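Visitor: what's the 3D shape of this:
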Amino acid sequence: MARPSKAKTAKRAATAYHEAGHTVAAFVQGMGIHHVTIIPFAVYDGLTRTHAPGIKRLDCEKLSPRRAERIRKQTRFSLAGDIAQRRFNPRSVRSRHAEKDRHNALEWTELLTHGDTDEAASLIESLGSETEKLIDTHWPEVTAIAEALMQRDTLIGSEVRAIIERLAPDFTT
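Guide: Below you'll find the model as predicted:
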């Protein structure tokens, strides 16, 4: 059996760190993980699926503090993959990478700012800074999840929880 090329291995590692960033951000924020995978499909190189309830655009006319915080969590989740991938290997990021994540983050923040794109951009910057701190604080967990993904391709929520709790036994969501 032929070994994967260096380029393919590097892309796989970058994807693993990207998805691990999303996964750890979701877990830390109490969103709950259904599964995370680095098996490519459709237009995605990987995917992190959470148990977080969906937020409908129509529900956002009058934002309760709870709903607004859910949108902030979703925005941090959207930003975390790119931040983790850049921390792992800045040269692995291409302009098209995380395009959908950035689009989602902008949509979420526009809900909070009622369509004010300047205010949304400012909010993305602020939430991006928060997300960078989250990733920095939980880098050992990001690394452990990425390494597990490179070994097994897919992790279910209970496997994610076990990995994170092994590194941070006192961690609770």
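Visitor: Quick check: buried residues in the helix or strand of the chain with the lowest mean pLDDT?
Guide: Ranked by mean pLDDT, DSSP states H and E, the helix or strand of the chain with the weakest confidence is helix 99-112, at a mean of 88. Neighbour counts using 16 or more other Cβ atoms under 10 Å place Asp101, Asn104, Ala105, Leu106, Trp108, Thr109, Glu110, Leu111, Leu112 of helix 99-112 among the buried residues. All C-beta spots, glycine's among them, are computed from the backbone N, C-alpha and C.
Visitor: next one: stretch 137-153
Guide: His138, Trp139, Glu141, Val142, Thr143, Ala144, Ile145, Ala146, Ala148, Leu149, Met150.
Visitor: what do you get for stretch 74-90?
Guide: For stretch 74-90, by 16+ other Cβ under 10 Å, it's 74-88.
Visitor: For that stretch, give the mean pLDDT please.
Guide: The pLDDT scores in stretch 74-90 average 95.
Visitor: wait, what's in contact with the residue positioned nearest the centre of the chain?
Guide: The residue lying closest to the centre of the chain (Cα atoms, centre = their mean) is His22, at 1.7 Å. Listed by Cβ atoms under 8 Å, 6 or more residues apart in numbering, the contact set of His22 reads Val36, Thr48, Phe77, Ser78, Ala80, Gly81, Ala84.
Visitor: coming back round to it: just the buried residues of stretch 74-90: which are in helices?
Guide: 74-88 (DSSP state H).
Visitor: And the least confident helix or strand of the chain, what does it pack against?
Guide: Using 3 or more Cβ pairs under 8 Å, 6 or more residues apart in numbering; DSSP states H and E, the elements in contact with helix 99-112 are helix 65-88, helix 117-137.
Visitor: Nearest to Ala10 among the buried residues of stretch 74-90?
Guide: Closest to Ala10 out of the buried residues of stretch 74-90 is Phe88 (10.4 Å), distances taken as Cβ to Cβ.
Visitor: Please report the distance of the closest one from Ser129.
Guide: 19 Å (Cβ to Cβ, to the nearest Å).
Visitor: now do Ala25
Guide: 14 Å.
Visitor: now Ala84
Guide: Counting by Cβ to Cβ, the gap from Ala84 to Ser129 is 15 Å.
Visitor: ok, now Val142?
Guide: Counting by Cβ to Cβ, the gap from Val142 to Ser129 is 17 Å.
Visitor: repeat for His103
Guide: Applying Cβ to Cβ to His103 and Ser129 gives a distance of 20 Å.
Visitor: And Ala52, by the same measure?
Guide: From Ala52 across to Ser129, the span is 22 Å (Cβ to Cβ).
Visitor: More neighbours: those two, which one.
Guide: Using other Cβ atoms under 10 Å as the criterion, Ala52 and Ser129 rank with Ala52 on top: 17 against 12.
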